[in-house]
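> quick one: sequence plus predicted model below, questions after.
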Amino acid sequence: MLWQQCLNKLESKLSDQEINTWLRTLHGTQHDDVLVLLAPNTFVFQYVKDQHLETIKDEVKKISNGNNIQVILQIGAGDTLSYSEPVPAEASITAPSAPPVLNNNTQNVSNPQPQPIINQKSFTNNLNPTMTFDNFVEGKSNRLAVASAKQVGDNPGQSYNPLFIYGGVGLGKTHLMHAVGNQIRENNPNAKVVYLHSERFVNDMITALRTNSIDQFKLYYRTVDALLIDDIQFFAGKKSSVEEFFHTFNALLEGQKQIILTSDKYPRDVEGIDDRLRSRLNWGLTVEIEPPELETRVAILTKKVEEFHLDLPKDAAFFIAKRFRSNVRDLEGALQRVLASLRLHQRTDITLDFVHDALRDQLASQDKMVTVDNIKKTVAQHYNIKTSDLDSKRRTRSIARPRQVAMSLSKELTNHSLPEIGTFFGNRDHTTVLHACKKIKELRTEDTTLDESYRILERTLTR
Amino acid sequence: MSNQQLTLNVQIRDGYRFASYYVDATGDNHELVGALKLFTQSTEAQQNIIWGESKSGKSHLLQACCAEVANHKYPVSYIPLKQLKVYGTEIFSGITSHSNFIAIDDVDEIVGDKEWETALFNLINNTRQRGQRLIMSSQENPRYIKCILPDLASRLIWGGSYQVHALSDEDKLKALQARAEQRGFELSDRVLEYLFRRYPRDIESLMEILNTLDEQSLIQKTVITVPFIKQVLD
């Protein structure tokens, strides 16, 4: 292939960084005696044009033995992405994915700005077919959200509209949203379901305004059967987009079309959106997804491993779930590391020792971070007291309770013995530490505020 | 965007390949390099991040990945943020619809800048959605990088996270010898001792010095000795 040959030649003339940053990103295709080089954006186009185009032309001339091969540099997307069957998120609306336009002007930008291709014929749902209810692990932390999502999936526009799902990062909001979309499509393959991130809505609107196609934009979003918009907190401060979204929202609700939204906060607390929209968000059902508890984390890991036709022993699953607890992405990251190590060592059996070994870097850095001193500092900050109060003899509840929390966290998150932990807290006896751990365990089942504080502290200390 | 703006001061370095990355069979980075090789050979959508102190070889590894993938004729995008941040988030545009393999070097460079964090957040989402491979690097352990956007922080640790361990002095000596052998010459113990005593001891600087000495010794047609080093470098 001509472009590959040319790259090989240039490798000996230019630095690796120059090659990797600018030239390997070009997608080259030959059409008879024309070599078309596609750059991903104006920036790469301009740099290559200014710095390397002449050299490329010279090399091409040498390789083709003086044949008059024309080199055309353009902005555009290549066609080699099909090998992994991607969901064409960008290509559907903004990217100029059509074959490059050949013309007589070399180094020409035939299409410098992506043109929106929104029209009635080009509905692209952007749904990830792998995110379904079947592979969503249900637990105490998300039960209500799953039940309402399934209800909406079976009765779009009729049961809960809008469905507003909120919760922290990496807890499965997006997965649930895709699952609803896929469910709607399964029940009715002709349903026009569109999933997109709020940033994408904003960008599409900007592009539509710039290219005088705002009417098509409005038509596109106002004629869907279900609109799924992720992370609406990203609308914050984008007034005209919020305004447009508000009108789209109203049009869809009036037409009994389904709307599903996610955010990191409860509707009342989402910043940067106007009150009219905020109040309408409460018209339907608002459900929260909370961080998964230990058993759910274990179930998530087991399910993920099953997808690879492997078995994860319980002790190994519990070990990972206890050490990686901030969110599901954290768990997935740890698991990916274990699976990569498994492939590398050409093994198929996962054991606790193997998991220990595969994750040793991460565990070591966690251990460095989770020290008793760090726990004391974090707990003191959380309860707004002084770190020295935790070591003091004071036994008022405002001090004693945080001290017990800190002791319990120290037992759970470090390898120190009970006597050692006692010495960290003003030389207390190990029986005091033991009592603190039992007390906190008991209180967490009765006092939701304390339980929530404990979980926040756990996540803060182990993320 | 003027031409002058686009002229980068990128030094000529060669050999950013796995073969030229020194790794001891029993060393800390052995598993890392093995995992990255597998990553480049796979066409599955995956994400990895490598982290470690400055000049520990992260850029070398990211570019070795790019070279490996490019060998299979897939377009790759290597984006060193330390150098390219100045040009704005536009450098990300179109990348996900264009490249099969994307490498973002020096993520820490943009942490704390909301516009950049949002751009990287979108890039990660897009690569996921399109089933592409993404590798990033940072100096900080990604679990503890303090992003403005928690949405980005959680995405940085979505895939495999590997520490790049800096080489010990003993391993650096072996690495220099290995590179010299690849180039067809040897470094005497005296030369190595002199280099270690007089110049920065991070592996990146040492390799740059080796490149300079190699080039000059070829030009001057002489072997590398301590007086020669003094003449070239001092």
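Nice, I can see it.

> any idea how many residues pack against residue B:186?
Per other CB atoms under 10 Å in any protein chain shown, the neighbour tally for residue B:186 reads 11. (Each C-beta comes from the backbone N, C-alpha and C, glycine too.)

> okay, now the closest residue to it other than its chain neighbours: neighbour count?
In space, residue B:186 comes closest to residue B:180 once its chain neighbours are excluded; the distance is 6.0 Å by CB to CB, 6 or more residues apart in numbering or on different chains. Here the number of neighbours of residue B:180 (other CB under 10 Å) works out to 18.

> how about the one 4 residues further on?
Residue neighbour count, defined by other CB under 10 Å, stands at 7 for residue B:184.

> how much space between it and chain A?
With the distance defined as CB to the nearest CB, to the nearest Å, residue B:184 ends up 16 Å from chain A.

> let's see the pLDDT reported for the residue nearest to residue B:186.
pLDDT recorded at residue B:180 is 89.

> name the element it belongs to?
Using DSSP states H and E, residue B:180 sits in helix B:169-183.

> for the stretch 301-450 of chain A, what spans make up the helices?
Using DSSP state H, counting those that start in this stretch, the helices of the stretch 301-450 of chain A run over A:314-323, A:328-344, A:352-358, A:360-369, A:372-383, A:387-391, A:397-413, A:418-424, A:430-446, A:448-462.

> which one of those has the lowest average pLDDT?
Among the helices of the stretch 301-450 of chain A, helix A:360-369 has the lowest mean pLDDT, at a mean of 81.

> tell me the secondary structure of residue 20, please.
Assuming you mean chain A. helix (DSSP: H, G, I helix; E, B strand; the rest coil).

> let me rephrase: I mean chain B.
coil.

> you'd agree residue A:222 is up against residue A:251?
Yes - Residue A:222 sits in contact with residue A:251 when judged by CB atoms under 8 Å, with a separation of 4.4 Å.

> the strand or helix carrying residue B:154: which residues count as buried?
Following DSSP H and E, the helix or strand that holds residue B:154 is helix B:150-156. Of the residues in helix B:150-156, B:151, B:152, B:153, B:154, B:155, B:156 count as buried by neighbour count, 16 or more other CB atoms under 10 Å in any protein chain shown.

> which one among those residues gets closest to chain A?
Proximity of the buried residues of helix B:150-156 to chain A (CB to the nearest CB) peaks at residue B:154, which lies at 4.0 Å.

> and the closest one, how far is that from residue A:426?
37 Å (CB to CB, to the nearest Å).

> how about residue A:35, phi and psi?
Residue A:35 adopts backbone torsions of phi -100, psi 120, taken as degrees, to the nearest 10.

> surely it and residue A:70 touch.
Yes - using CB under 8 Å, residue A:35 is in contact with residue A:70, at 7.1 Å.

> of the two, which one has the most company?
Comparing residue A:35 with residue A:70 by neighbour count (other CB under 10 Å), the higher total belongs to residue A:35, at 23 against 15.

> who's in contact with the more buried one?
A:2, A:3, A:6, A:28, A:29, A:60, A:69, A:70, A:71, A:72 (CB atoms under 8 Å, 6 or more residues apart in numbering or on different chains).

> give me the number of residues near the nearest residue to it once chain neighbours are set aside?
The shortest distance from residue A:35 to any non-neighbouring residue, by CB to CB, 6+ apart, is to residue A:71 (5.0 Å). Burial of residue A:71, expressed as a neighbour count using other CB under 10 Å, amounts to 22.

> residues in contact with the helix or strand hosting residue B:49?
Assigned by DSSP H and E, residue B:49 falls within strand B:47-51. Here strand B:47-51 makes contact (CB under 8 Å, 6+ apart) with A:336, B:32, B:35-36, B:39, B:58, B:61-62, B:107, B:124, B:127-128, B:133-142, B:156-164.

> if any of those residues are buried, put those into a ChimeraX selection.
Applying 16+ other CB under 10 Å to these leaves a buried subset, and the ChimeraX line that selects it is:
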select /A:336 /B:32,35,36,39,58,61,62,107,124,127,128,133,134,135,136,137,138,139,141,142,156,157,158,159,160,161,162,163,164
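
> inside helices: which ones of the contacts of strand B:47-51?
For those, the ones inside helices are A:336, B:32, B:35, B:36, B:39, B:58, B:61, B:62, B:124, B:127, B:128, B:156, with DSSP state H as the criterion.

> can you pull the contacts of the fifth one?
When you say that, I think you mean residue B:39. Neighbours of residue B:39 in contact, by CB under 8 Å, 6+ apart: A:340, B:46, B:48, B:65, B:133, B:135, B:160.

> report the two of those residues separated the most.
Greatest spatial distance among the contacts of residue B:39 (CB to CB): A:340 and B:65, at 13.8 Å.

> gap between the residue nearest to residue B:74 when sequence neighbours are not counted and residue B:87?
Spatial nearest neighbour of residue B:74, chain neighbours left out: residue B:100 (3.9 Å); criterion: CB to CB, 6+ apart. Separation of residue B:100 from residue B:87 (CB to CB) stands at 23 Å.

> equivalent analysis for residue A:66, please.
37 Å.

> who has more neighbours out of those two?
residue B:87 (14 against 8).

> what residue is smack in the middle of chain B?
By CA atoms, centre = their mean, chain B has its centre lying nearest to residue B:59, at 0.8 Å.

> check contacts around that residue.
When contacts are counted by CB under 8 Å, 6+ apart, residue B:59 touches A:17, B:16, B:80, B:105, B:137.

> mind redoing it with 7 Å?
By CB atoms under 7 Å, 6 or more residues apart in numbering or on different chains, residue B:59 lies in contact with B:80, B:105.

> how much space separates it from residue A:328?
Taking CB to CB, one finds residue B:59 at 31 Å from residue A:328.

> of the contacts of residue A:35, which is the most crowded?
So for those (other CB under 10 Å), the most neighbours sit at residue A:6, 26 neighbours.

> quick check, it in a helix?
Yes - per three-state DSSP, residue A:6 lies within a helix segment.

> chain neighbours aside, what residue packs nearest to it?
residue A:59 (4.8 Å).

> what's the burial count for the one you found?
Counted by other CB under 10 Å, the residues lying close to residue A:59 total 20.

> name the helix or strand for it, please.
Using DSSP H and E, residue A:59 falls within helix A:53-63.
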